[in-house]
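K.L.:
Pasting a predicted model and its sequence here:
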Amino acid sequence: MTNDRIERIVILGGGTAGWMTAAALGRTLGATARVTLLESEDIGSVGVGEATIPPIHWFNELVGIDEATFVAETKASFKLGIEFVDWTRPDHRYFHPFGQYGVNLPGVAFHHRWLKARREGLDMPLDALSLPTQLAYDNRFAKPASDPRSILSTLGYAYHFDAALYARYLRGLAEARGVTRVEGKLAHVERNGESGFVTALVTERGERLDGDLFIDCSGFRALLIEGELEAGYDDWSHWLPCDRAVAMPCARVAETTPYTRSTARAAGWQWRIPLQHRTGNGYVYSSQFVSDDEAAATLAANLDGEALGDPRFLRFTAGRRRRAWIGNVVAIGLAAGFLEPLESTSIHLIQSGIVKLLALLPDKSCDPALADRFNAVFSRDMDNIKDFLILHYHATTDKPEPLWEYCRHMALPDGLIEREHHFRTTGRIMVETDELFREASWLAVFHGQGIVPRGYNPIADTFDSDTNRRQVEQVAGAIARAVPALPRHDAAIAKLIGATRAVA
Ligand code: FAD
C-alpha cells in the first residue's frame, strides 16, 4: 500500500448513523486510521429510529456485538415482522413476516403451489404458511435453525430497541476501539481551493478537526453533503406525501409483542414499537391533510398506556440525495436521504452505506469512479425501497379520506407498475439478486393489500392436484404444531439476558 492510505477520518454527527459508522470503522480499520467524531449535545439527534429489519445481524457481526449484552443494554425486544392494521381497507389486518412462506421444495416457489391449491378449492389463508406470522400472533419467539429440514429454518428476525440507549451502546463500543469524540458545534468547513476537498471541520470553540475523509452524519441538516457540496435532493413527496411525525412513548401495559404494529389513520399511520421498559408510538402524517394539533390528539387518544412525556414533532421530505458521495465526503444516514419509517429501512440504509464505504474505501485521492459506484448502488437501493413503500399507500379500497384518495389515484413509478403486472397476472414476484426486500416481503404486501393473482407459474401443474394439496397442508400442519411448543416472547428475552426481572 502506498502512503496515500486514508489515515484520518472525521465523522460529523453522533446520532445513530454517526455512532454506527464510528463503531464499524473503529473495528475494521483498527490502528491504521484515526477516527474522530464531532457531535453537539445542544443540537441532539432525532432519536426515533427504534425498529429494524433482519440484515441488522450483519452489522452486529461486523462490529462484534454480543446479542445478550446488546438486548440487555438497549432494552430491546425481538421483531418477527410488521402487522398492518386498516391499511388495505377498514377492519382489515395483515402481517409482513420476516422469513419465508412455506418451505423450499424443488420445482417452483412455494406460494405458486398454494395459489394452485387455492384455485382447486383449498380454503387456507396465506398466513397459515408463515411460521413467523403464527408465532407473532401467539406472542411467541424462536430463533431460526440452520438445519434446512427444520421448520424453524423458515424464520427470520430483527429487533426493536431504545434509540438513545443504542447510540450510547455504540458509542461505548466505538470509544473502546479508539474513536475520539469531540463535543461541539460545527462553525465552519475548510476546503482545498484547488480540489474542493474538505480539509478540516472547525468548531465554535475553535478546535480544528483535520482529515482525509469526512463522513456526513449530520442528519436532516446534511451540513457537508448539501450545505457545502450542494449535492441536490430528489424529492419524492408526490409518491410518499407524509412529511411529519409526532412521537410519544407510553408505559408498557402488557406482554411485549414480537412485532411492530402500523395502523393506518386518516392522514397517515401510527407506529407501535414494544420495548422492555416502554412502548414507542408515533403518528407519521401528511401536513396537507391534518394539522399538528390534530395529529398529536389522534396519537394521544390511541396509546396503550399512560403517555411518558410530551409529544415530539419531526419534519422531513421523503427523498434521496442525488449524490451521497462527492470528493472526500460521504453522507450516511438521514444526511443521505430519508424514506419514511413504514418498513423500518433507515437503520438498514445506514449499515448498507457503511458496508459499501468499506468495500470502496478510497485512498487520499478519492477516485471519483469509487464515488460513482457508491452513488449508483445507493440510488438503486433507495429506488427499490421507495417502490415497496408506495405499494402500501396506493393499493387500498374503501378509504375515503383525501390522503388515501390521492394515493390510490397517483401515477406510479414504472418499476412498480411492472412488478404489479407480473404479480396480478401470474403471481410472479420480480426481484433482482441485490434487492433488500425479497419474494416473501413483496408477496406479503401484494397479498395483504388485496392484489389477487389471476394465475400462477405453470410449473406448479407438474405436481398432481392431490399431492400438491397434501404437501401444502402438511407444511401448514407442521407450522401449527410447532407454535405452541415455542417460548413466549418475554420468556425468550429473559432467557437471553439471563434475568427474568429485566422484562417483568
Ligand atoms: P440524527 O439523529 O439527526 O443525528 C445528527 C447528528 O448530527 C446529531 O448528533 C447532531 O448533534 C449532529 N449535528 C447536527 N448539526 C451539527 C453541528 N452543527 N455541529 C455538530 N454536530 C451536529 N429508522 C429505522 O430504521 N427504524 C425506525 O423505526 C425509524 N423510525 C423513524 C421515525 C421517524 C419519525 C423518523 C424521522 C425517522 C425514523 N427512522 C427510523 C430513521 C432513524 O431515526 C435515522 O435513520 C437514524 O436515527 C439516523 O439518524 P442520523 O444519525 O442520520 O441523524
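P.N.:
Thanks, I have the structure now.
K.L.:
What ranges in the stretch 401-504 of the chain fall below the confidence cut-off?
P.N.:
Within the stretch 401-504 of the chain, the ranges that satisfy pLDDT under 70 run 499-504.
K.L.:
what about 90?
P.N.:
Within the stretch 401-504 of the chain, the ranges that satisfy pLDDT under 90 run 433-434, 499-504.
K.L.:
hey, where'd the helices end up in it?
P.N.:
402-409, 414-426, 439-448, 465-482, 489-497 (DSSP state H, counting those that start in this stretch).
K.L.:
Please identify the residues of the protein in proximity to the ligand?
P.N.:
Residues of the chain lying close to the ligand by Cβ under 6 Å from any ligand atom are 13-18, 38-40, 43-46, 48-52, 185-186, 217-219, 221, 223, 245, 282, 284, 314, 316, 333-335, 341, 344, 346-347, 350. Bear in mind the C-beta positions are built from the backbone N, C-alpha and C, glycine included.
K.L.:
Inside helices: which ones of those?
P.N.:
16-18, 346-347, 350 (DSSP state H).
K.L.:
Just flag the most distant two among those residues.
P.N.:
Pairwise distances across these peak at 13.6 Å for Gly18 and Ser346 (criterion: Cβ to Cβ).
K.L.:
Comparing the two, which shows the higher neighbour count?
P.N.:
Legend: neighbour count by other Cβ atoms under 10 Å for Gly18 and Ser346, higher for Gly18 (31 against 23).
K.L.:
still on that earlier bit, give me whichever of the helices of the stretch 401-504 of the chain is most buried.
P.N.:
Of all these, helix 439-448 has the most neighbours on average by mean count of other Cβ atoms under 10 Å, namely a mean of 22.
K.L.:
which other helices and strands contact that helix?
P.N.:
strand 93-97, helix 368-394, helix 414-426 (3 or more Cβ pairs under 8 Å, 6 or more residues apart in numbering; DSSP states H and E).
K.L.:
Which secondary structure state does the closest residue to Ala254 other than its chain neighbours sit in?
P.N.:
Closest residue in space to Ala254, ignoring its immediate chain neighbours: Asp304 at 7.3 Å, by Cβ to Cβ, 6 or more residues apart in numbering. Per DSSP: H, G, I helix; E, B strand; the rest coil, the local secondary structure of Asp304 is coil.
K.L.:
is it true that Asp304 touches Met248?
P.N.:
No. The pair Asp304 and Met248 does not pass the contact test of Cβ atoms under 8 Å, sitting 11.7 Å apart.
K.L.:
So which of these two has more stuff around it?
P.N.:
Met248 (19 against 14).
K.L.:
May I have the phi/psi pair for that one?
P.N.:
phi -160, psi 110 (degrees, to the nearest 10).
K.L.:
Could you check how far the closest residue to Ala476 other than its chain neighbours is from Val475?
P.N.:
Nearest non-adjacent residue to Ala476, counting by Cβ to Cβ, 6+ apart: Ala128, 4.3 Å away. Look at Ala128 and Val475: by Cβ to Cβ, to the nearest Å, they are 9 Å apart.
K.L.:
Which residue would be the closest one in the stretch 151-300 of the chain to the ligand?
P.N.:
Residue nearest to the ligand within the stretch 151-300 of the chain: Gly219 (2.5 Å; Cβ to the nearest ligand atom).
K.L.:
which residues touch that residue?
P.N.:
The neighbours of Gly219, taking Cβ atoms under 8 Å, 6 or more residues apart in numbering as the test, are 13, 15, 17, 45-46, 333-335.
K.L.:
re the thing from before, quick one: the residue nearest to Ala254 from the ligand, how far?
P.N.:
18 Å (Cβ to the nearest ligand atom, to the nearest Å).
K.L.:
quick one, what contacts that residue?
P.N.:
250, 252-254, 272, 279.
K.L.:
Buried members of those into ChimeraX, please.
P.N.:
Typed into ChimeraX, the line below selects the buried ones among the contacts of Asp304, using 16 or more other Cβ atoms under 10 Å:
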select :250,252,272,279
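K.L.:
hang on, the earlier thing: need the helices of the stretch 401-504 of the chain in a markdown table (columns: distance to Ala200).
P.N.:
Output for these, formatted as a markdown table (distance: least, Cβ to Cβ, whole Å):
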| stretch | distance to Ala200 |
| --- | --- |
| helix 402-409 | 46 |
| helix 414-426 | 41 |
| helix 439-448 | 43 |
| helix 465-482 | 58 |
| helix 489-497 | 43 |
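K.L.:
among those, which is nearest Tyr166?
P.N.:
The closest of the helices of the stretch 401-504 of the chain to Tyr166 is helix 489-497. By Cβ to Cβ, the value is 15.4 Å.
K.L.:
what does that closest one contact?
P.N.:
Helix 489-497 has contacts (Cβ under 8 Å, 6+ apart) with 67-68, 71-72, 76-78, 139-142, 255-258, 276, 487, 500, 502-503.
K.L.:
Which ones among the residues you listed lie within helices?
P.N.:
Using DSSP H, 67-68, 71-72 are the members of those that sit in helices.
K.L.:
who wins for most neighbours among those?
P.N.:
Within those, neighbour counts (other Cβ under 10 Å) peak at Val71, which reaches 22 neighbours.
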